[in-house]
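1. Show me the folded form of this:
(one chain, ligands or ions: 1)
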Amino acid sequence: MKHKVLRNLSYGMYVVGAKDEKENGCIVNTVVQITSDPAVISVSINHDNYTNELIKKTKKFSVSILGEQVDPKIIGTFGYQSGRDLNKYENIETEDLSGLPVLKDSCGTMICRVINIVETTTHTIFLGEVISSTEGNMDQPMTYRYYHEVLKGKSPKNAPTYVEESTPKKTVWKCKVCGYEVEMDELPSDYRCPICGQPITAFERIEK
Ligand code: FE
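-> Residues are numbered from 1 along each chain as shown. Predicted coordinates for the structure are as follows:
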């Protein structure tokens, strides 16, 4: 089985959220339109994600479509931290759509009612009928390829597309929050992680 071929599948980047007593969300790349009338989409979310638990409980989820100009703080907060430990929406600008928070800056948002659930070994696939939507204020949706190749983002281990990477490098600095790696002798003092926005204190030096 050649895992590399799967990298040629195309994806976007999204924040999927849900709300019970507490609200939570996570970054996913697996939102797909299934039918047009009624408008139904699917999304695949790891069993370990708190958002998965909340969607199963409330049967409702939100989708915010990320743009290429997304604030790195959004990827850092929703992609690499657990909502069991913090309120991810606390320092993020949001708007209310049918009772759920969606990102204020995005390429569009949707609220879905869960109409079916399919379990796999590691992820749950939720089918959701779109019950409301907004168009958003950003033009260019971010693709997963743009995230990897232009922003040099990494896949967290819960992503369906995660594969172990073993590219040999010389001296790299690794962001301890999101896993972003940059090859450089020394980091400039005002350097910030382009993925999650952390300062150089969040980086560790790795010799490879
Ligand atoms: Fe980072």
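
2. switch to C-alpha atoms for all contacts and neighbour counts from now on
-> OK.

3. what's next to stretch 116-134, contact-wise?
-> Applying C-alpha atoms under 8 Å, 6 or more residues apart in numbering, the set of residues contacting stretch 116-134 from outside is 38-47, 52, 60-61, 97-98, 108-115, 160.

4. Tell me what the residue nearest the centre of the chain is bridged to.
-> Most central residue of the chain, judged by C-alpha distance to the mean C-alpha position with C-alpha atoms, centre = their mean, is residue 27 at 1.5 Å. Beta bridges link residue 27 to residue 15 when assigned by DSSP bridges.

5. I'd like the numbering to begin with 37 instead of 1 from here.
-> Fine by me, first position is 37 from now on; the one you just mentioned is residue 63.

6. ok, so what distance separates it from the ion?
-> 14 Å (C-alpha to the ion, to the nearest Å).

7. what's that residue in contact with, if anything?
-> The neighbourhood of residue 63, defined by C-alpha under 8 Å, 6+ apart, consists of 49, 50, 51, 52, 111, 114, 115.

8. which of these has the most neighbours?
-> Top of these by neighbour number is residue 50, holding 31 neighbours under the definition other C-alpha atoms under 10 Å.

9. So that residue is in contact with residue 99, correct?
-> Yes. Taking contacts as C-alpha atoms under 8 Å, residue 50 lies within contact range of residue 99: 6.5 Å.

10. Excluding residues flanking it in the chain, which one is nearest the residue lying farthest from the centre of the chain?
-> Of all residues in the chain, residue 221 sits farthest from the chain's C-alpha centroid, using C-alpha atoms, centre = their mean; the distance is 30.0 Å. With C-alpha to C-alpha, 6 or more residues apart in numbering as the criterion, residue 221 has its nearest non-adjacent residue at 6.4 Å, and that residue is residue 207.

11. Show the contacting residues for that neighbour.
-> For residue 207, the contact set (C-alpha under 8 Å, 6+ apart) comprises 219, 220, 221, 241, 242, 243, 244.

12. returning to what we had before: what about the residue nearest to the centre of the chain, distance to residue 192?
-> According to C-alpha to C-alpha, to the nearest Å, residue 63 stands 10 Å off from residue 192.

13. Quickly list what's touching both of the two.
-> Overlap between the contact sets of residue 63 and residue 192, as judged by C-alpha under 8 Å, 6+ apart, is given by residue 115.

14. Spell out which residues of the protein are next to the ion.
-> Among all residues of the chain, those adjacent to the ion (criterion: C-alpha under 5 Å from the ion) are 211, 214, 229, 232.

15. The third one: neighbour count?
-> Going back to what we said before, that points to residue 229. By other C-alpha under 10 Å, neighbour count at residue 229 equals 22.

16. Ok, the second one next?
-> Applying the criterion other C-alpha under 10 Å, we find 24 residues in the vicinity of residue 214.

17. Nearest residue to it in space, ignoring adjacent ones along the chain?
-> Using C-alpha to C-alpha, 6+ apart and skipping the chain neighbours, the partner closest in space to residue 214 is residue 116 (5.5 Å).
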